[in-house]
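Visitor: the following block contains a protein sequence and its predicted model.
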Amino acid sequence: MKKIKISVIIPIFNSEKWIKLAVESILNQSLKDIEIICIDDGSTDSSYAICKLLAQKDSRIIVMQQANKGVSAARNKGINSAKGKYIIFLDSDDYYVKDSLITMFDDINSTGVDCIFYNHFYDYNGRLIPRKPRLDSGEYTFKDVMTSILDDGTLTGILFGSSCGVIYTTEIIKKYNIKFNENIKINEDGLFNIDYLIKTKKFVYYGDSFLYCYRQYKRNSHNNIKLLYQRYNEANKYCSKFVSTITNMDQQLLSRSITVAFQLSVIACNQMAGKKLNVLINDLWRNFDLAFYCKHMNFHKINLYKRVLAFFMCTKQIKLFVLVVKQVYPLLKSHLRR
C-alpha cells in the first residue's frame, strides 16, 4: 500500500452548493497518493449526504460527522485522523487549481523547509483576481518576520492569515500538539500559524504562485458589524495572551489590531450612519498610536483607495474617511464598471 503524501482536511457546514466542487478539485489533482478528510460540522442541509455519495465512489475520501462545534473543532478532528506526511486545509466552498498538490509536495520536499505559504486568487463569480503578495518570495525563519509589520491593510498578514493555501508538516503538528483554538470564532488561523511557525526552523513564502481560490461572496456573510466587533475583541484577548509569551511581537500585534480597526471602520461605514457611526469609529481608533502605524506601514503594498483611507485614519479625520467610503468609492466603482 502506498504511503499517503498529503492529507486534505475539509471542515463543512451547510455547503451543499459548493462541497462537491471543492472535493472534485482535489480528486482531479495529478497527485493521487492522498486522503480527503471531510468533517461535517452539524450541517442541516445535504452536505453530509453529498460527501457520503462521493466517498462511495472513491476510497480516498473519509467522511466524519459531529455536532456543530465550529470550524476549529472540525479541523482539529481532521488533524487527529490525518495519516499523510503533510497536511493542507480547504474550506468547503473554495478550491485548489489544477496540479496544486503536486506543486506543493514537490516544493516542500525540494526546499527541505517545514511549511510553505502560497498566494491565492479571489474568485468573483468565476473571474479570478490574484491577491497582491504579502512579502517578497523566499525563505524565512520565524525570527525574520516576527517583528515586521507584514499586514497589507486587509487583516491577512503572513502571521495572521489563512491556513488554506499552506502545506504543513504533519509530524510537527502532532509532535507539539498544535491545534486550532476552539474558543474563538475569528483569526483562529493566525494563532495556529504562529504556534506552528514558532516550532519550525524555516518556511517559504511564494507570493507569485497562486494555488488556492477563495470565493469572494463569503465576505457578505461576515459583515454584521456588531457581531464582528464582538468576535474581534474576543479574539484579541487570546492573541494578546498568546503573543505576550513571544519576545519582540509587540509591533506585529499592534499592526494586527490597527488593521482590524481599519476593516471594521469600512464595514461600519457601509452599515451605519450619523452619530452612531462616528462614535463607533472613534471608539475603534482612540486606543492606537495611529501616527506611529502610518510611519511604519508598507503603503506600496496597498492600492490607492486604501492608501487614502489609511491616511485619513492615521490623521484621525473621521468625516473624510466616511465620505470616501460612502460617496467617493461607490462613484469610482460605478465609473470603472462602465
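Guide: On my side now, so go ahead. Numbering: from 1, shown residues only.
Visitor: please count neighbours and contacts with C-alpha atoms only from this point.
Guide: Fine.
Visitor: from residue 162, how far off is residue 69?
Guide: Distance of residue 69 to residue 162, computed by Cα to Cα, to the nearest Å: 19 Å.
Visitor: among the two, which residue is more densely surrounded?
Guide: Neighbours around residue 69 and residue 162, counted as other Cα atoms under 10 Å, are more numerous at residue 162. The numbers are 19 against 12.
Visitor: is the more buried one in a helix, a strand, or coil?
Guide: Using DSSP: H, G, I helix; E, B strand; the rest coil, the structure places residue 162 in coil.
Visitor: for residue 203, see how far away it is.
Guide: As judged by Cα to Cα, residue 162 and residue 203 stand 15 Å apart.
Visitor: and if you look at residue 170?
Guide: Distance of residue 170 to residue 203, given as Cα to Cα: 14 Å.
Visitor: now the spatially most central residue of the chain: closest residue in space, sequence neighbours ignored.
Guide: What sits nearest the mean C-alpha location of the chain, by Cα atoms, centre = their mean, is residue 162, with 2.3 Å. Computed as Cα to Cα, 6 or more residues apart in numbering, the closest residue to residue 162 that is not its neighbour in sequence is residue 189, at 5.3 Å.
Visitor: I'd say the one you found and residue 178 touch.
Guide: No - Residue 189 is not in contact with residue 178 according to Cα atoms under 8 Å; the separation is 11.6 Å.
Visitor: between the two, which one's more packed in?
Guide: Each of residue 189 and residue 178 has its neighbours counted (other Cα under 10 Å); residue 189 has more, 21 against 18.
Visitor: for this protein, which strand is longest?
Guide: The longest strand of the chain (DSSP state E) is strand 203-215.
Visitor: packing partners for that one?
Guide: The contact analysis (3 or more Cα pairs under 8 Å, 6 or more residues apart in numbering; DSSP states H and E) places strand 203-215 against strand 95-96, strand 115-124, strand 138-140.
Visitor: now that strand: buried residues?
Guide: 203, 204, 205, 206, 207, 209, 210, 211, 212, 213, 214, 215 (16 or more other Cα atoms under 10 Å).
Visitor: low-confidence ranges, the stretch 51-200 of the chain, go.
Guide: Along the stretch 51-200 of the chain, segments meeting pLDDT under 70 span 146-160.
Visitor: what's near enough to touch the spatially closest residue to residue 130 that is not a sequence neighbour?
Guide: In this structure, residue 130 finds its nearest non-sequential neighbour in residue 121, 4.4 Å apart by Cα to Cα, 6+ apart. Applying Cα atoms under 8 Å, 6 or more residues apart in numbering, we find residue 121 in contact with 128, 129, 130, 131, 210, 211, 212, 213, 214.
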